[in-house]
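S.K.: mind folding the following:
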Amino acid sequence: SGGLCANLATDFIDRMTPLLQAEPRIARYQLPEAYLKKSAMDEPVSRAFTWLNAKVRVKSAKPERVEYHTWSYLATLKSDDVWEDLITLTLNSASSAEVAMPDPTAIHNLAPNAAALPFTDTQKTAALVTASHVEKRAAQFVVRLEDRLGRDRKRLRDYYNALMRDARASKTNDDEKSEKLEQNRAAVELELRRKTLELEERYQMKLHLIPLTLVRIELPVLAVECEVFRKQARRILQLYWNPVLTALEPLVCSQCGAAIFAAARTPPGRLIASSTP
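M.R.: Just a heads-up that it's a prediction; the model follows:
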């Protein structure tokens, strides 16, 4: 009684939005301690990863502290219709790999982090990864739009083709009338092209990504240094064993940015997914 009802019939959203916008949108936490594997990492690395055209040798494994960034984005696809979703993802700020981390607030023994590590900006990578998630999540929305576009194209073609058939059917020996009919046919074809372009523009999809929150979590991890070699070429590669996931994290495809566990080495020394999009 006397309160503010949380529904669309009141001005609840208008009243609450300024309060929400005033809240901090970046949080910093740390996991002070966590169990890290003590045994040799050769077998876990060979079990987790598939190396298609190279060999890998584990050189060392040592504890490090790495910051993970959990980004939340409001994703909007705008076209003749609108699709929206909230997308949350976590990146290892050192490797830029997307990691399947749980909700940060659900991690046990998490504490505030007043003296955080120097910030590594991962927003560009996060936006690219978010766009790839949008492509998957909005697949049915895109299919529906393409179906509607196809139907609207057909209606346009049927309508203007009928007009052109009527124009072609009107035959006359009068040169002036024949010229007029030819002009009409050309005008109909031009109008069809114009209407088709308008239709394409109306259905063109535009993606808007708005970053809402960033949660920075500093974790103790096991940094596994590996040597990747093929023929005479050598490269040092850093893998990470995550204590929250109790597993090795994926690598990043140099071509598409996807998280991968099956990789091929290219001549410049890059790693690409076994089936690159």
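
S.K.: residues in contact with residue 123?
M.R.: Residue 123 makes contacts with 71, 211, as judged by Cβ atoms under 8 Å, 6 or more residues apart in numbering. The way it works is simple: take the backbone N, C-alpha and C, and place the C-beta from them, glycine included.

S.K.: quick check: it vs residue 209, distance?
M.R.: With distances taken as Cβ to Cβ, to the nearest Å, residue 123 is found 10 Å from residue 209.

S.K.: in the stretch 151-277 of the chain, which spans are helices?
M.R.: Under the criterion DSSP state H, counting those that start in this stretch, helices of the stretch 151-277 of the chain are mapped to 175-203.

S.K.: strands along that one, start to end?
M.R.: Along the stretch 151-277 of the chain, the segments classed as strands by DSSP state E, counting those that start in this stretch run 206-230, 233-242, 247-248, 251-252, 259-260, 262-265, 271-273.

S.K.: partners of the third one, with directions?
M.R.: Translated: strand 247-248. Next to strand 247-248 in the sheet, as set by DSSP bridges, lie strand 233-242 (antiparallel).

S.K.: and the partner strand, what's buried?
M.R.: By neighbour count, with 16 or more other Cβ atoms under 10 Å as the criterion, the buried positions of strand 233-242 are 235, 237, 239-242.

S.K.: need those in JSON lines (columns: pLDDT and distance to residue 25).
M.R.: Shown next, in JSON lines, are those (pLDDT from 0 to 100; distance: Cβ to Cβ, whole Å):
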{"residue": "235", "pLDDT": "85", "distance to residue 25": "38"}
{"residue": "237", "pLDDT": "90", "distance to residue 25": "34"}
{"residue": "239", "pLDDT": "95", "distance to residue 25": "32"}
{"residue": "240", "pLDDT": "97", "distance to residue 25": "27"}
{"residue": "241", "pLDDT": "97", "distance to residue 25": "31"}
{"residue": "242", "pLDDT": "96", "distance to residue 25": "25"}
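
S.K.: and which of those is nearest to residue 112?
M.R.: Taking Cβ to Cβ as the measure, residue 112 lies nearest residue 242 of these, at 21.1 Å.

S.K.: distance of the nearest residue to the closest one once chain neighbours are set aside relative to residue 140?
M.R.: Once its chain neighbours are removed from consideration, residue 242 has its nearest residue in residue 249; the separation is 5.4 Å (Cβ to Cβ, 6 or more residues apart in numbering). Distance from residue 249 to residue 140, counting by Cβ to Cβ: 30 Å.

S.K.: with neighbour numbers in mind, choose between the two.
M.R.: Neighbours of residue 249 and residue 140, each counted by other Cβ atoms under 10 Å, are more numerous for residue 249; the result is 25 against 9.

S.K.: residues contacting that one?
M.R.: For residue 249, counting by Cβ under 8 Å, 6+ apart, the contacting residues are 92, 95, 97, 99, 239-242.

S.K.: any chance of those in TSV, plus distance to residue 31?
M.R.: Compiled in TSV, the contacts of residue 249 are given as follows (distance: Cβ to Cβ, whole Å):
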residue	distance to residue 31
92	14
95	18
97	18
99	14
239	19
240	14
241	14
242	11
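
S.K.: out of those residues, flag the one nearest to residue 28.
M.R.: Distances from residue 28 to the contacts of residue 249, taken by Cβ to Cβ, are shortest for residue 92, at 16.3 Å.
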